[in-house]
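*Asks:* Show me the folded form of this:
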Amino acid sequence: MYPLKFEPILKQTLWGGNKLIAFKHLDATTEQVGESWEISAVEGAASVVANGPDKGLTLPEMVGKYRGRLVGESNYARFGTAFPLLIKFIDARLDLSVQVHPDDELAAERHHSRGKSEMWYILDADPGARLIAGFSQQITPDIYGERVRNGTFTEVLQSCEVHPGDLFYIPAGRVHGIGAGIFLAEIQQTSDVTYRIFDYNRKDNAGNLRPLHTELAVDAIRFSDVQEEFRTPYEAKVNVPVELLSTPYFHTSLYCLTEPLTCDYSERDTFIIYIGLEGGCTLVEQSGRQTVLRAGETVLLPAVVQTIRIVPEAAGVRLLETYV
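*Replies:* Numbers count the residues shown, from 1 in each chain. Next up, the predicted model:
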């Protein structure tokens, strides 16, 4: 087995921008690309291997073929052939809808799916760009329903101005919305279940208002989720891993490297994902085999790859490392 790259799955959206094609160095003229799904096992949108002997196989096929050698024995026992993470880049030219995701229990009951907790790492943000996350005051389900009906729901939501390098954790149940002018990397549970609560009265290309899920959302929302400061703090450091988040769903660290660093994963029974944010590097296995990772690319290291030496280019590299 070897480090895997995948063909990006580009999603055109009403709110999509023009940053993703250039960021990923793609030879394409697609407009309004809101999302690039980098690693996905979502039904109907499964990633396809882009390199090596397994080129052309989907991620679910790879898990079925290699099992614990790919994802780790403990992960295979826990998730079976369902790959547990979904990796995206998101470019918001316009505000995304205000939405919420169900937790594992509710998603299983209603959709035979896992819940959706996620994190955002801000890559770029226009001056004044803002995110919504949680409430500015505690409300009840009755007040929620009334405010949704009279168009004042956003008045009780918490928002803040964001900047490159900001980090946000959005657990299932937290009402949230990505604002216009924000470009980010997202790590989430494998789920595509979203309850849209408010969509700024936008219409789709056919002139229809997009459907809302205000009633379904009631049971998913954590109404006591009052946020004053919802950034996740961390101290950026050079040439050492910086742990950003450790959650029941994924663990994520930031690497800002100007010199080589060897990572020993022999004690971890899991896959590792690297997400290129800036610059580039070469990933060198113990056997000497090399894989190049550049900004806008994502690489999946199978669980059997136990040692990786990250050799940055002259200008350095910034990447995220995540695993379950």
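*Asks:* wait, isn't Pro60 in contact with Val42?
*Replies:* No. When contacts are counted by C-beta atoms under 8 Å, Pro60 is not listed as touching Val42 (9.7 Å). C-beta: built from backbone N, CA, C; applies to glycine.
*Asks:* and Gln227, how many neighbours?
*Replies:* 18 (other C-beta atoms under 10 Å).
*Asks:* ok, and the spatially closest residue to it that is not a sequence neighbour, which helix or strand is that part of?
*Replies:* In this structure, Gln227 finds its nearest non-sequential neighbour in Gly134, 3.3 Å apart by C-beta to C-beta, 6 or more residues apart in numbering. Assigned by DSSP states H and E, Gly134 belongs to strand 130-135.
*Asks:* could you point out which element follows that strand?
*Replies:* Downstream of strand 130-135, the first helix or strand assigned by DSSP H and E is helix 141-150.
*Asks:* where in the stretch 51-200 of the chain is pLDDT low?
*Replies:* For the stretch 51-200 of the chain, no stretch is flagged by pLDDT under 70.
*Asks:* Next: the stretch 201-324 of the chain.
*Replies:* Short version for the stretch 201-324 of the chain, where the test is pLDDT under 70: none.
*Asks:* So which residues of it form strands?
*Replies:* 242-246, 251-257, 261-264, 272-285, 290-294, 298-301, 307-323 (DSSP state E, counting those that start in this stretch).
*Asks:* got the contact list for the third one?
*Replies:* For strand 261-264, the external contacting residues (C-beta atoms under 8 Å, 6 or more residues apart in numbering) are 239-241, 255, 272, 306-310, 321.
*Asks:* just to revisit the earlier point, chain center to the strand holding Gly134, what's the gap?
*Replies:* Centre-to-centre, strand 130-135 and its host chain are 17 Å apart (C-alpha atoms, centre = their mean, to the nearest Å).
*Asks:* Pull the residues that contact that strand.
*Replies:* The contact list for strand 130-135, computed with C-beta under 8 Å, 6+ apart, reads 98, 120, 154, 156-162, 168, 170, 174-179, 182, 223, 225-227, 230.
*Asks:* what's the angle between that strand and helix 141-150?
*Replies:* 150 degrees (axes from the mean of the first three to the mean of the last three C-alpha atoms, to 10 degrees).
*Asks:* Alpha carbons of strand 130-135, as PDB, please.
*Replies:* Provided in PDB are the C-alpha atoms of strand 130-135 (Å, rounded to 0.1, in the frame of the first residue of the first chain):
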ATOM      1  CA  ARG A 130     -18.100  36.800   9.400                       C
ATOM      2  CA  LEU A 131     -19.200  33.400  10.600                       C
ATOM      3  CA  ILE A 132     -22.300  32.400  12.500                       C
ATOM      4  CA  ALA A 133     -22.000  29.800  15.200                       C
ATOM      5  CA  GLY A 134     -24.400  29.200  18.100                       C
ATOM      6  CA  PHE A 135     -26.700  31.700  19.800                       C
END
